[in-house]
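A.B. asks: Sequence and predicted structure, then a few things I'm wondering about:
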Amino acid sequence: MNNTMRLFLFLIILAGAVIVLQQRLSSVSKNVPAKDEFNYSKYKTVQIGNRLWMAENMNEPTEESFCYENDPQNCEKYGRLYTFKAAQNVCPSGWHLANLNDEKELMQVLGENDKQRIVEKLATNEWLSILFAGSKSSGKHLREGASPFHDLGSNAKIWLDSYYGGCCSIYMEIGTSGYTASGGIDTQSALSVRCVKDFKEVASPKSKPHLNKEFVKPSSVKRGSFSDTRDGYVYKTITIGKQTWFAENLQYSMPESECASQDDDQCRKYGRVYDWNDAMTACPNGWRLPSASEANDLTRAVGNSASKVKSVHGWEANGGTDDYGFTLLPIDGRGTYVWTSTQVQKGASANYFAVSFGHDRIIHSAASLKQKHSVRCIMK
């Protein structure tokens, strides 16, 4: 057989293989129903604040969606896992993939800052009935033989409709370690999907939205002043609910304190920063460093909105509205951290609360006692 004949036979075989492959792909696509064939009415919903959420994970078969470990029984129990592209197209008309604004209001209405309490609440029927559905990685960095599926029963990741750089998107993570709204996961990963009814269609006379009973209206805030007899500085004060706070960062000089901006001329604007031991004794008579519990009370009182306690000016981005007159200034243009009196690890670390240009909520975390942060005194 000459070379021409061999080439002719090869082309015939190749053409046959292409036809078979096309037929198989066609049969696969026929098994994926069109979006308008989905029965969205089967999903339970829950009204939270001004928004109507689906109270179940989406479970509609689309391209780039998966059952955990490719087991249909997992789809029935936990819903499907979708790539970001698939997630953006699976919600019905009049609904949308949950986004950052939806997540922000959810957290404000929830009125919690304890990560474990957030998870406990979100798992209840009154909230989102969250299940730990696991997720599927994109597989780009898996070691050979490892499964891309992980965390079933211990963790749930839910897409939020917001890109985080060209490769990645933001998601809600709910698990045994607590709650976070994070960024940076590859859009080819597969996560759960929750849809939210388009905002203008949510309001209903029959709806009974959840209310944060600890929320304090900005109009009820009382403003005052306090003169520190130690150095004569007069501080603005603010009463929010049952708490009275300094409305400025503490200025009083302690042995290890320094100007927050590392500039003596800016000390009056930003106050001083203190290590934790100095912070514990820096407030004047009648005032003290707030506990972590009191910082949480403040956060709930303002609806867990960082914007409402941020200063209007001075931020690199995302300045505040300062509705309560709390006026937290960005020491470096990006954020500020405020000590609490509550130690996490005795002699090693303590809680703080903070606002940052990159977060819509008030942050609660911990730091080494040696770090230097601002002080806001609370009345005893």
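C.D. replies: Structure received.

A.B. asks: which residue ranges form the strands in the stretch 201-350 of the chain?
C.D. replies: Secondary structure of the stretch 201-350 of the chain (DSSP state E, counting those that start in this stretch): strands at 222-227, 234-240, 243-246, 258-259, 272-273, 287-288, 335-345, 349-356.

A.B. asks: and those as CSV, adding mean pLDDT?
C.D. replies: Shown next, in CSV, are the strands of the stretch 201-350 of the chain (pLDDT from 0 to 100):
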stretch, mean pLDDT
strand 222-227, 96
strand 234-240, 97
strand 243-246, 97
strand 258-259, 90
strand 272-273, 93
strand 287-288, 98
strand 335-345, 90
strand 349-356, 88
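
A.B. asks: hey, which of those strands is tucked in deepest?
C.D. replies: The highest mean neighbour count among those, using mean count of other C-beta atoms under 10 Å, belongs to strand 272-273: a mean of 24. Where you see a C-beta, it was placed from the backbone N, CA and C, and this is true even at glycine.

A.B. asks: just so I know, which of the strands of the stretch 201-350 of the chain lies nearest His364?
C.D. replies: Smallest distance to His364 across the strands of the stretch 201-350 of the chain (C-beta to C-beta): 5.3 Å, for strand 349-356.

A.B. asks: the inter-axis angle of that closest one versus strand 335-345?
C.D. replies: Between strand 349-356 and strand 335-345, the angle comes out at 160 degrees (axes from the mean of the first three to the mean of the last three C-alpha atoms, to 10 degrees).

A.B. asks: that older thread, could I get the strands of the stretch 201-350 of the chain as TSV with distance to Gly184?
C.D. replies: Shown next, in TSV, are these (distance: least, C-beta to C-beta, whole Å):
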stretch	distance to Gly184
strand 222-227	41
strand 234-240	34
strand 243-246	35
strand 258-259	34
strand 272-273	30
strand 287-288	39
strand 335-345	19
strand 349-356	16
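
A.B. asks: between those, which gets nearest to Ile158?
C.D. replies: strand 349-356 (22.7 Å).

A.B. asks: What lies in contact with that closest one?
C.D. replies: The contact list for strand 349-356 (C-beta atoms under 8 Å, 6 or more residues apart in numbering) reads 276, 292, 295, 298-299, 306, 309-310, 320, 328, 334-344, 362-369, 373.

A.B. asks: ok, back up a step: quick one: closest of the strands of the stretch 201-350 of the chain to Glu112.
C.D. replies: Across the strands of the stretch 201-350 of the chain, closest to Glu112 is strand 349-356 (C-beta to C-beta), at 14.0 Å.

A.B. asks: Note down every partner strand of that closest one and its orientation.
C.D. replies: strand 335-345 (antiparallel), strand 363-368 (antiparallel) (DSSP bridges).

A.B. asks: And the first one, how far out from the chain middle?
C.D. replies: Centre-to-centre, strand 335-345 and its host chain are 20 Å apart (C-alpha atoms, centre = their mean, to the nearest Å).

A.B. asks: can you check stretch 360-369 too?
C.D. replies: With C-alpha atoms, centre = their mean, you get 14 Å for stretch 360-369.

A.B. asks: can you map out the helices along the stretch 51-200 of the chain?
C.D. replies: 72-78, 84-90, 100-110, 115-122 (DSSP state H, counting those that start in this stretch).

A.B. asks: Run the chain-centre distance for the longest one.
C.D. replies: So that's helix 100-110. With C-alpha atoms, centre = their mean, you get 9 Å for helix 100-110.

A.B. asks: now do the second one
C.D. replies: Averaging C-alpha coordinates over helix 84-90 and over its chain gives two centres that are 20 Å apart (C-alpha atoms, centre = their mean).

A.B. asks: returning to what we had before: for the helices of the stretch 51-200 of the chain, could you give me CSV that also reports distance to Phe246?
C.D. replies: Below are those laid out as CSV (distance: least, C-beta to C-beta, whole Å):
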stretch, distance to Phe246
helix 72-78, 48
helix 84-90, 44
helix 100-110, 25
helix 115-122, 28
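
A.B. asks: Gln243: which of the ones you listed is closest?
C.D. replies: helix 100-110 (18.6 Å).

A.B. asks: orientation of the closest one relative to helix 115-122 in degrees?
C.D. replies: 100 degrees.

A.B. asks: okay, helix 100-110 in CSV with CA atoms only?
C.D. replies: The C-alpha trace of helix 100-110 is given here as CSV (Å, rounded to 0.1, in the frame of the first residue of the first chain):
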residue,chain,number,x,y,z
LEU,A,100,-22.1,41.8,47.9
ASN,A,101,-25.0,44.1,48.6
ASP,A,102,-27.2,41.1,49.4
GLU,A,103,-24.5,39.7,51.7
LYS,A,104,-24.0,43.0,53.4
GLU,A,105,-27.7,43.4,54.3
LEU,A,106,-27.8,39.8,55.4
MET,A,107,-25.1,40.4,57.9
GLN,A,108,-26.6,43.7,59.0
VAL,A,109,-30.0,42.2,59.7
LEU,A,110,-28.3,39.1,61.3
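
A.B. asks: Now do that helix: which elements does it pack against?
C.D. replies: The helices and strands touching helix 100-110, judged by 3 or more C-beta pairs under 8 Å, 6 or more residues apart in numbering; DSSP states H and E, are strand 45-48, strand 51-54, helix 115-122, strand 155-163, strand 178-186.
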